[in-house]
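Participant: Take a look and give me a structure for this.
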Amino acid sequence: FQVKSENKKTIWNTEEVPEGSEFDDTWDPREQPEYEILFKQHVGTEDVFFGMTGKDPSTACCEDMVIKIRLPETKYSDIALDIQDKVLDLRTPKKKLLLHLPYPVNSKEGRARFLSEEEILEVTLRISREFDFLNVA
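Facilitator: The predicted model follows:
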């Protein structure tokens, strides 16, 4: 088994470098904000009472991932947010969060809202799995 490289002097092949590593900055002095990851699934009466669709409470049956990030003393205009398929990159003047997501997401479909009274940024992302048609109806 031999890996061919575009350039003989390169150490790694581009497939070997994990997605999001270009955002890693260990020298950045900003602190990481508190965050939590929640999973959300859409259920109806056929799921709750009859169990017809085969959904269970596991994350394998969830459609959305909700990330709540606590950003005290931050204005909405100071937030820079970049979403990739496997990485969330958040930057503010005082905080920095590089989060490798537990599941790949559809980076084109998502929404974020800043709850100014609670000082929380709530990011909702659609989980994108290869075999979603088997788990989710």
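
Participant: And the strands in this protein, which stretches?
Facilitator: With DSSP state E as the criterion, the chain has strands at 35-40, 64-70, 80-83, 87-91, 96-100, 105-115, 120-127.

Participant: surely residue 92 meets residue 80?
Facilitator: Yes: taking contacts as C-beta atoms under 8 Å, residue 92 lies within contact range of residue 80: 7.3 Å. Any C-beta I mention is one placed from the backbone N, CA and C, and that applies to glycine too.

Participant: where in this protein is pLDDT low?
Facilitator: 1-9, 12, 14, 16-26, 51-52, 131-137 (pLDDT under 70).

Participant: tell me the centre residue of it?
Facilitator: Nearest to the mean C-alpha position of the chain, by C-alpha atoms, centre = their mean, lies residue 101 at 4.2 Å.

Participant: Okay, that residue and residue 128: tell me how far apart.
Facilitator: Between residue 101 and residue 128 the distance is 10 Å, computed by C-beta to C-beta, to the nearest Å.

Participant: How many residues are close by the residue nearest to residue 94 when sequence neighbours are not counted?
Facilitator: Counting by C-beta to C-beta, 6 or more residues apart in numbering, residue 94 lies nearest to residue 30, which is 6.2 Å off, once chain neighbours are set aside. The local packing of residue 30 (other C-beta atoms under 10 Å) involves 13 other residues.

Participant: Flag every buried residue along stretch 77-90.
Facilitator: 79, 81, 83-84, 86-90 (16 or more other C-beta atoms under 10 Å).

Participant: roughly how far apart are residue 100 and residue 87?
Facilitator: Relative to residue 87, residue 100 is positioned 6 Å away (criterion: C-beta to C-beta).

Participant: same thing with residue 43?
Facilitator: 29 Å.

Participant: picking that back up, ok, for the residue nearest to the centre of the chain, nearest residue in space, not its chain neighbours?
Facilitator: Counting by C-beta to C-beta, 6+ apart, residue 86 is the residue found nearest to residue 101 once chain neighbours are left out, at 5.4 Å.
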